Each structure stands twice: as structure tokens, then as C-alpha cells.
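Engineer: Fold the following and give me the result.
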Amino acid sequence: MARYRGPKTKIARRFGEPIFGPDKYFERRKYPPGQHGLMRKRRKRSQYAIQLNEKMKAKFIYGILEKQFKNLFKKAAAAGGNTGEVLLQLLESRLDNVVYRMGIAPSRRAARQLVSHRHITVNGEVVNIPSYTLRPGDVVGVREKSKSLQVIQESLADKRNAYEWLTWDSEKMEGVFTNRPEREQIPENIEEHLIVELYSK
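Structural biologist: Next up, the predicted model:
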């Protein structure tokens, strides 16, 4: 399936924030890319453009294409409750995202690759589907043969963040997806109500 593999800083500049994490190149140029980047920053945008921009930002952050994102939105809308919050919970429940949050991979892109290459297990079984939706109580771990991989070792050594909805056992190299996070627990700067408004038109 197609994925965006271009320069990350260019996309971050488009949204005006380092959506892929700390970026020294973004800090140097905090304006939109292109010949007229500074002029575009001053131009007033329509409400539709603002809503579309927020949806695109969420897609880039989680590395999801349009069809997958739309299907997740439909699932969130059918679940009842706050559609925007449920949408973010579904995004956070993806296996590639949880692998990234647990610190097994340094980025979501790297996490997706680890999952696709069969280095990750769920409840003891190898799962190679990055979009696999985890349920509360599922145990995510590193396959025994993959525990010595340099990328995993370096990522875990550099792990800084801990999340309330995840637990991690460094000795077993596995963690538990204890529950879906509440909106205030999700650190991503996404205004989900704009996405709901966009799809509700």
C-alpha cells in the first residue's frame, strides 16, 4: 500500500508545527514551504480549508491514507459517544502506534516496518498487520528472535515518555495495552471537532 516517504520537515512546515517530533530544520524555517511560503502564512483561509488541514495533519501524524482514515471515522461515528474522541482512541489503538508509544520503535514509520517484518507479537502470536486494532488487556511484545535488533535496543534505551494506558516490562520486553486513552491523555495537537465537522458536511 502507498505511503508518504518524502521529506518530513516539508510536511511539518506545511502545518506550522513539528508533527513528527523535534526537528532542528523546522526550527530554522517555521513558515510554509515553497517560493511564497511567507506570503501564504498571511493569507486568510476558509473554514473548509482549516477543517481539511486538520484532517490532513491527523493522517500524516498517524501515517494513514484517506480510505483507512474514512473507514475509521465511520467506525467512530457508529460507536456512539463523542465521535472525535472515539476516532483518536481508535487511532491510538493501532498496533503500529502502540509499538511506537511503548518505545520499541523511534517513530511510527519505524514501528510499521517492525510490525510488517514480523518482529512484534500480540498475546504471544506474531502479528504483521500495522493497522491491527488492539483491545484492552492485549499484550504487545518483541518476538524472541528479534530482541537483539539494534534499532529496538537503541529505541528502548532512548525511551523517555510513559503513558498511563500502557505498561512496559523491560525484562520481558513486552507491555500491556491496559485501556483506550482519554482525550486529555493523548498528547497530539489535533482539533478533532474540525475533522468531525468536515465529514459531517
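
Engineer: Tell me the secondary structure of the closest residue to residue 126 other than its chain neighbours, please.
Structural biologist: Nearest residue to residue 126, sequence neighbours excluded (C-beta to C-beta, 6 or more residues apart in numbering): residue 118, at 5.2 Å. C-beta: built from backbone N, CA, C; applies to glycine. Using DSSP: H, G, I helix; E, B strand; the rest coil, the structure places residue 118 in coil.

Engineer: Measure how buried residue 118 is and give me the count.
Structural biologist: 13 (other C-beta atoms under 10 Å).

Engineer: Please apply the same query to residue 200.
Structural biologist: Residue 200, neighbours per other C-beta under 10 Å, totals 10.

Engineer: okay, it: pLDDT?
Structural biologist: Predicted confidence (pLDDT) for residue 200: 88.

Engineer: do residue 8 as well
Structural biologist: 69.

Engineer: Now do the same contact list for the residue nearest to the spatial centre of the chain.
Structural biologist: For the chain, the residue nearest the mean C-alpha position is residue 62 (3.0 Å; C-alpha atoms, centre = their mean). For residue 62, the contact set (C-beta atoms under 8 Å, 6 or more residues apart in numbering) comprises 91, 94, 97, 108.

Engineer: Which one (most neighbours) among the residues you listed?
Structural biologist: residue 94 (25 neighbours).

Engineer: Setting the sequence-adjacent residues aside, check what's closest to that residue.
Structural biologist: Counting by C-beta to C-beta, 6+ apart, the residue nearest residue 94 is residue 131, at 5.7 Å.

Engineer: Over to the residue nearest to residue 126: give its phi and psi.
Structural biologist: Backbone torsions of residue 118, given as degrees, to the nearest 10, read phi 70, psi 40.

Engineer: Would you mind giving the contacts of residue 62 as JSON lines with pLDDT added?
Structural biologist: What follows is the contacts of residue 62, written out as JSON lines (pLDDT from 0 to 100):
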{"residue": "91", "pLDDT": "97"}
{"residue": "94", "pLDDT": "97"}
{"residue": "97", "pLDDT": "96"}
{"residue": "108", "pLDDT": "91"}
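
Engineer: For residue 176, see how far away residue 163 is.
Structural biologist: According to C-beta to C-beta, to the nearest Å, residue 163 stands 12 Å off from residue 176.

Engineer: cool, residue 195 as well?
Structural biologist: To residue 176, residue 195 is 29 Å away according to C-beta to C-beta.

Engineer: Give me the distance between the residue nearest to the centre of the chain and residue 94.
Structural biologist: 7 Å.

Engineer: now residue 147
Structural biologist: Distance from residue 147 to residue 94, by C-beta to C-beta: 23 Å.

Engineer: how about the CA coordinates for stretch 192-201, as CSV?
Structural biologist: In CSV, the C-alpha atoms belonging to stretch 192-201 read as follows (Å, rounded to 0.1, in the frame of the first residue of the first chain):
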residue,chain,number,x,y,z
GLU,A,192,-10.8,16.5,16.3
HIS,A,193,-14.0,18.5,16.3
LEU,A,194,-12.8,20.1,13.0
ILE,A,195,-12.5,16.7,11.4
VAL,A,196,-16.0,15.7,12.6
GLU,A,197,-17.4,18.9,11.1
LEU,A,198,-15.6,18.2,7.8
TYR,A,199,-17.0,14.7,7.5
SER,A,200,-20.5,15.8,8.6
LYS,A,201,-21.0,18.1,5.6
